[in-house]
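Participant: structure for this input, please:
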Amino acid sequence: MKKSILALASAFVFAFTANAQQVEFEEYDLSNGMHVILHQDTSAPVVVTSVMYHVGAKDEQPGRTGMAHFFEHLLFEGTKNIKKGEWFKLVSSNGGRNNANTTDDRTYYYEIFPSNKLELGLWMESERLLHPIIGQDGVDTQNEVVKEEKRLRVDNQPYSKFLEYVKENIFKKHPYKGTTIGKMEDLDAATLEEFLAFNKKYYVPNNATLVVAGDIDKAATKKMIEDYFGPIPRGEEIVRNFPKEDPITEAMNAKGYDANIQIPAIMAAYRTPSMKTRDSRVLDMISSYLSSGRSSVLYKKLVDEKKMALQAGAINASQEDYGTYILFGLPQGDTKLMDIIAEVDEEIVKMQNELISEKDFQKLQNQFENNFVNSNSSVEGIANSLARYNVLYGDTNLINSEIEIFRSITREEIKEVAKKYLNPNQRLLLEYLPKAK
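Facilitator: Down below sits the predicted model:
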């Protein structure tokens, strides 16, 4: 009876995601190269206007780290027609909210408005692109804002530097070896001319994807888009030719220090393929199997049963060019860091030599079905997904079809991918240790 109920529930989830989750969209290019994606959803009088620029921390020049994240802040300073300090007031006074975020690969700006304010959202984003005011005063203001953000989120946050230590050791050539927030001394040293050059190179329509999602009239929306964005001049073509990393064939060891912690941690980190690959998606499933929830393999073994760790898990930090797969643990009591690694390695070896159980595999499938449903459960989430799949994957329809990739992954593939990437001679062991203040 229990199996029948489980099968029925799984069938229901499959039917729901197969039918109800289809996201309809239309996409086209403006003559200046800006890519446009429209998604109509009349279920609520809300509209999202968003622009994703294909520029992130990896596009920065050596010695000028943090520039992409800095622009995330700088382009709220004001424009020819929006006075300094008025951007957020203009949004909130019209019943909206807005934000932006930056990664190593892209920068994303968005507004969420009542649908009768669509034109306002389009005008504001066109202003950001066509008429930004980039002056020394704004640079100085945002420099202080970014420094405060770094103090809050990195310098004074426990365990916040572990990814920085991992990346600088895993990547020897590719610019992923840096951090998104960058080094403050680089921003201090940057000239106004360098900020203007960065804007001119990357904040151009042919390096941007505009998504309008929500309660829209498509014909009217297209006309507004053409009116506001069509006249913006095309920028020069951006050529990316990042150096390729050599395979890791020998184990590496490193130490990182954090003045904000008392309990050390251990990380085993592996360089893995691009987020666009099938193998990366298999690694997503492996990380869920190892560490998603209290019933996951590592949590159950190291935290619940053996009481060796306060926390243990796996992260597949996949990106456009490479991924970084990290296994980690925080010891409890007298447990040694290498004792945790030994226990984790035991589970990896088991996965490399045996198929995971049918029960665990079905649990994984259910988790990814649920994640898929949740990611597209709001117009805000849909707008983000449409932009991300277009800019980073080059295939907007993955918003509908990526779940089929996860459904097609087999237990045998999980075993083979674990065997391919998660070996001791292919990794960095990072001891993350307390630092005396």
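
Participant: show me where the stretch 1-150 of the chain has helices.
Facilitator: Along the stretch 1-150 of the chain, counting by DSSP state H, counting those that start in this stretch, helices occupy 2-19, 67-74, 87-92, 118-130, 136-150.

Participant: ok, which of those helices comes nearest Val417?
Facilitator: helix 2-19 (23.5 Å; C-beta to C-beta). The way it works is simple: take the backbone N, C-alpha and C, and place the C-beta from them, glycine included.

Participant: report the mean per-residue pLDDT for the closest one.
Facilitator: Averaging pLDDT along helix 2-19 yields 41.

Participant: check stretch 370-377 too.
Facilitator: 90.

Participant: what are the buried residues along that stretch?
Facilitator: Phe372, Ser375, Asn376 (16 or more other C-beta atoms under 10 Å).

Participant: from those residues, which land in helices?
Facilitator: Phe372, Ser375 (DSSP state H).

Participant: from start to finish, how long is stretch 50-67 in a straight line?
Facilitator: 21 Å (C-alpha to C-alpha, to the nearest Å).

Participant: I meant stretch 192-210, not that one.
Facilitator: For stretch 192-210, the end-to-end distance is 28 Å (C-alpha to C-alpha).

Participant: could you do stretch 299-314 as well?
Facilitator: Stretch 299-314: ends 10 Å apart by C-alpha to C-alpha.

Participant: run through who's touching that stretch.
Facilitator: 263, 286-287, 290-291, 293-294, 296, 298, 325-333, 335, 339-340, 343-344, 347 (C-beta atoms under 8 Å, 6 or more residues apart in numbering).

Participant: and Ala312, how far from Val48?
Facilitator: 38 Å (C-beta to C-beta, to the nearest Å).

Participant: just for the stretch 251-400 of the chain, where's the confidence low?
Facilitator: The model of the stretch 251-400 of the chain has no residue with pLDDT under 70.

Participant: what ranges does it have for its strands?
Facilitator: Secondary structure of the stretch 251-400 of the chain, counting by DSSP state E, counting those that start in this stretch: strands at 252-258, 265-273, 309-318, 322-331.

Participant: tally of neighbours for Glu144?
Facilitator: 9 (other C-beta atoms under 10 Å).

Participant: before we move on, what's the pLDDT of it?
Facilitator: Value for Glu144, per-residue pLDDT: 92.

Participant: is it true that Leu75 touches Tyr203?
Facilitator: Yes. With contact defined as C-beta atoms under 8 Å, Leu75 and Tyr203 form a contacting pair (7.4 Å).

Participant: ok so, going back, out of the helices of the stretch 1-150 of the chain, which is the most enclosed?
Facilitator: helix 67-74 (a mean of 23; mean count of other C-beta atoms under 10 Å).

Participant: now the angle from it to helix 136-150?
Facilitator: 110 degrees (axes from the mean of the first three to the mean of the last three C-alpha atoms, to 10 degrees).

Participant: how about residues contacting helix 67-74?
Facilitator: So helix 67-74 is contacted by 55-57, 59-61, 100-102, 107, 109, 132, 134, 138-139, 142-143, 145-146, 180-182, 186-187, 190, 194-195, 198-199, 202-203 (C-beta under 8 Å, 6+ apart).
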